[in-house]
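Asker: Structural data only, the sequence is not supplied:
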């Protein structure tokens, strides 16, 4: 039995279902709940059981032809990881640097990661966009956006 | 019924709502044209905007985006042989060959007329069937609702295609698992929060929809390297004339009529959706076409373009029937709309027809307006809208990422949500690489809370016994349908095999 994509997915889901079922025991119950036909732990236990059955079915099922997916380039995977890391950085910096600066930096960084090198384009498609969007939110739509903690200490 | 209809008409005719239809159709057309981003992503991207609108306007905007995205998908299928979504894949079979024959304008016009007719016929049938179904479902009890939700979840999984049924069921279970995170809806007990206060309210629907559809789709586009090769492909071919001759209209008219009714019926089945409708309508037309015309299929046959186009639009309309009358979405896109309605405090289902007739009817009526907008405004503007595709992908993709994350942030103003989004996107990308479908997960997540509540009530009433599943004829009927739908993929698999043998080489 070779480890196909489906089987790998099945094993992962099996582990998830087992841990989900294990942590279901941690759900606190109200006094007397245990005698009720349905309580806070009931559905999690059922779902865990169903998940285990389905993953085992996928693991033992006949492997499908997997030639349909083109192999991914390592450089493209790194691009994706870079963008997601930048998104995380955006969430961390947003309260400290404020909306316009963080957004501008995020956009410049993502354009650059995806291959844009022209300085005019990098700045032109980020700073004015961030400022206009910020003004639109705060002045037109009246959305409150907290000021930067670092600047307005 | 007439009072509600007029109230809906008045709501739909409000200048602001008309503007929403037009804006939705335009935005949807543009997003739908981008390869990889389909109606689900387009509607998901609109959710943060709709939160600032009243329910009718919000849903009207989403319906406009839905139609626009389906139409946009057809446009990119015809012009650059890159379907924006799965439901317009069949459009490439005959649409792109027509464009290569320097008849792109004609192909686009035919696609628009077929979509318009499909949508119109669908909307007319919907006007009559939806209230009737809503009246019947007023007598539903908890047990029936539970059975209906089971039917919805099962059918979405069952129609997922060959080799995908188990995976779709697993994803449904996964969605139900995610729905249990946070305080229990009945007792308030914290579940799977691991002491984190940010998880007490559970995972937000918007966050999950944006991460799994908008953000994950962009990441997949980047990972597949489509953004590098697409620049050249984005250069659309010349449009030429958009006029159809009388004989051509005569040739496609019966096809459009047949495919519209057929598409609507397939669309009503929960989970079947526009993709299956377009494939089946294409196969049906090819099989009943005279041998002379059959040879043309795959080489630019007008019937081959008209059939899937009218069927997928009628199916999109049909998928609103289970959403509006039973509260069960018929497709991934309507699942997102269901989540948005719930966020508004409106529970779709039989009561929607009585409690919010303005929402119910304005959605139905605005569907028709949406089709008109696509025909009157979008079609002549296609050459200009398609120029937007010239925005370099290295600029466009970061903007889509930005709108996705900021849309979620502006609802909660909590940066933890952005971090959670990154985590869910990574997970979604991994699942997509393993060929797991995402729509069943979202459906499971949305229906999870309601399903648990109804199951709990039904079990308490029946004192812990499962006899509530066959106690009432309606419940028994729904349970039997669920079983039937589980068997149906076997039959469909057989039918698909027959269609595939006739289809042209996927070139």
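Answerer: Now that the structure is in, tell me what you want to look at. Bear in mind that the values here come from a model prediction, so they are computed numbers and not experimental data.
Asker: so where's chain A shaky on pLDDT?
Answerer: Within chain A, the stretches with pLDDT under 70 are A:1, A:63-70, A:141, A:152-153.
Asker: Walk me through the domains of it.
Answerer: For chain A, the structural domains run A:5-73, A:77-140, going by automatic domain parsing.
Asker: Quick check: which of these is nearest to residue B:315?
Answerer: domain A:5-73 (24.9 Å; C-beta to C-beta). Every C-beta, even on glycine, is put in place using the N, C-alpha and C of the backbone.
Asker: what about the helices in chain A?
Answerer: For chain A, the helices defined by DSSP state H occupy A:5-24, A:42-60, A:74-97, A:99-113, A:119-124, A:127-135.
Asker: and if you look at the stretch 251-400 of chain B?
Answerer: Taking DSSP state H, counting those that start in this stretch as the test, the helices found in the stretch 251-400 of chain B are B:273-288, B:291-294, B:302-318, B:320-326, B:332-343, B:350-355, B:357-373, B:379-385, B:393-412.
Asker: just checking, what packs against the third one?
Answerer: It stands for helix B:302-318. When contacts are defined as 3 or more C-beta pairs under 8 Å, 6 or more residues apart in numbering or on different chains; DSSP states H and E, helix B:302-318 packs onto helix B:55-80, helix B:89-100, helix B:104-136, helix B:246-268, helix B:273-288.
Asker: okay, the angle between that helix and helix B:89-100?
Answerer: Counting by axes from the mean of the first three to the mean of the last three C-alpha atoms, to 10 degrees, helix B:302-318 lies at 140 degrees to helix B:89-100.
Asker: taking the mean pLDDT, what do you get for helix B:302-318?
Answerer: The average pLDDT within helix B:302-318 is 88.
Asker: Could you do the fifth one as well?
Answerer: Mean pLDDT, computed over helix B:332-343, is 79.
Asker: Run the angle between that helix and helix B:273-288 for me.
Answerer: Interaxial angle, helix B:332-343 versus helix B:273-288 (the same axes, to 10 degrees): 150 degrees.
Asker: Can you lay out the helices of the stretch 251-400 of chain B as TSV showing mean neighbour count and distance to residue A:95?
Answerer: Output for the helices of the stretch 251-400 of chain B, formatted as TSV (neighbours: other C-beta atoms under 10 Å in any protein chain shown; distance: least, C-beta to C-beta, whole Å):
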stretch	mean neighbour count	distance to residue A:95
helix B:273-288	24	41
helix B:291-294	12	64
helix B:302-318	33	41
helix B:320-326	27	38
helix B:332-343	26	25
helix B:350-355	18	40
helix B:357-373	24	37
helix B:379-385	16	38
helix B:393-412	21	11
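Asker: closest to residue A:149 out of these?
Answerer: Comparing the helices of the stretch 251-400 of chain B by C-beta to C-beta, helix B:393-412 comes nearest, at 16.0 Å.
Asker: Distance of residue B:99 relative to chain A?
Answerer: Look at residue B:99 and chain A: by C-beta to the nearest C-beta, to the nearest Å, they are 25 Å apart.
Asker: is it true that that residue touches residue B:77?
Answerer: No: if you go by C-beta atoms under 8 Å, residue B:99 and residue B:77 don't touch, sitting 9.3 Å apart.
Asker: Would you mind listing the residues touching both of the two?
Answerer: Shared contacts of residue B:99 and residue B:77 (C-beta atoms under 8 Å, 6 or more residues apart in numbering or on different chains): none.
Asker: For these two, work out which one has more neighbours and name it.
Answerer: residue B:77 (31 against 26; other C-beta atoms under 10 Å in any protein chain shown).
Asker: Might one say that that one is in contact with residue B:87?
Answerer: No: contact between residue B:77 and residue B:87 fails when scored by C-beta under 8 Å: they sit 9.9 Å apart.
Asker: in chain B, which residue is closest to the centre?
Answerer: For chain B, the residue sitting closest to the mean C-alpha position, by C-alpha atoms, centre = their mean, is residue B:333 at 3.2 Å.
Asker: For chain A, see how far away the closest residue to that one other than its chain neighbours is.
Answerer: In this structure, residue B:333 finds its nearest non-sequential neighbour in residue B:39, 4.7 Å apart by C-beta to C-beta, 6 or more residues apart in numbering or on different chains. Per C-beta to the nearest C-beta, residue B:39 is found 23 Å from chain A.
Asker: I'd like the distance between the residue lying closest to residue A:129 once chain neighbours are set aside and residue B:451.
Answerer: Of all residues not flanking residue A:129 in the chain, residue A:107 sits nearest, at 6.6 Å (C-beta to C-beta, 6+ apart). Residue A:107 sits at a distance of 41 Å from residue B:451 (criterion: C-beta to C-beta, to the nearest Å).
Asker: picking that back up, distance to residue B:54 added to the helices of the stretch 251-400 of chain B, as a markdown table?
Answerer: Formatted as a markdown table, the helices of the stretch 251-400 of chain B follow (distance: least, C-beta to C-beta, whole Å):
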| stretch | distance to residue B:54 |
| --- | --- |
| helix B:273-288 | 28 |
| helix B:291-294 | 49 |
| helix B:302-318 | 23 |
| helix B:320-326 | 18 |
| helix B:332-343 | 12 |
| helix B:350-355 | 15 |
| helix B:357-373 | 9 |
| helix B:379-385 | 28 |
| helix B:393-412 | 17 |
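Asker: Which of those helices sits closest to residue A:146?
Answerer: It is, among the helices of the stretch 251-400 of chain B and with distance given as C-beta to C-beta, helix B:393-412, at 11.2 Å.
Asker: tilt between that closest one and helix B:332-343?
Answerer: Angle between the axes of helix B:393-412 and helix B:332-343 is 30 degrees (criterion: the same axes, to 10 degrees).
Asker: give me the number of residues near residue 118?
Answerer: Let's take chain A. Using other C-beta under 10 Å: residue A:118 sits among 10 other residues.
Asker: To clarify, I was referring to chain B.
Answerer: 37.
Asker: Surely it touches residue B:314?
Answerer: Yes: the pair residue B:118 and residue B:314 passes the contact test of C-beta under 8 Å, sitting 4.0 Å apart.
Asker: which residues are in contact with both of these two?
Answerer: Contacts common to residue B:118 and residue B:314, judged by C-beta under 8 Å, 6+ apart, are B:259-260, B:263.
Asker: where in the stretch 301-450 of chain B is pLDDT low?
Answerer: For the stretch 301-450 of chain B, the stretches flagged by pLDDT under 70 are B:330, B:385-386, B:388-389.
Asker: next one: phi and psi at residue B:182?
Answerer: phi 110, psi -180 (degrees, to the nearest 10).
Asker: Nearest residue to it in space, ignoring adjacent ones along the chain?
Answerer: Per C-beta to C-beta, 6+ apart, closest to residue B:182 is residue B:202, 2.7 Å.
Asker: Enumerate every residue touching residue A:147.
Answerer: Applying C-beta under 8 Å, 6+ apart, the residues contacting residue A:147 are residue A:98.
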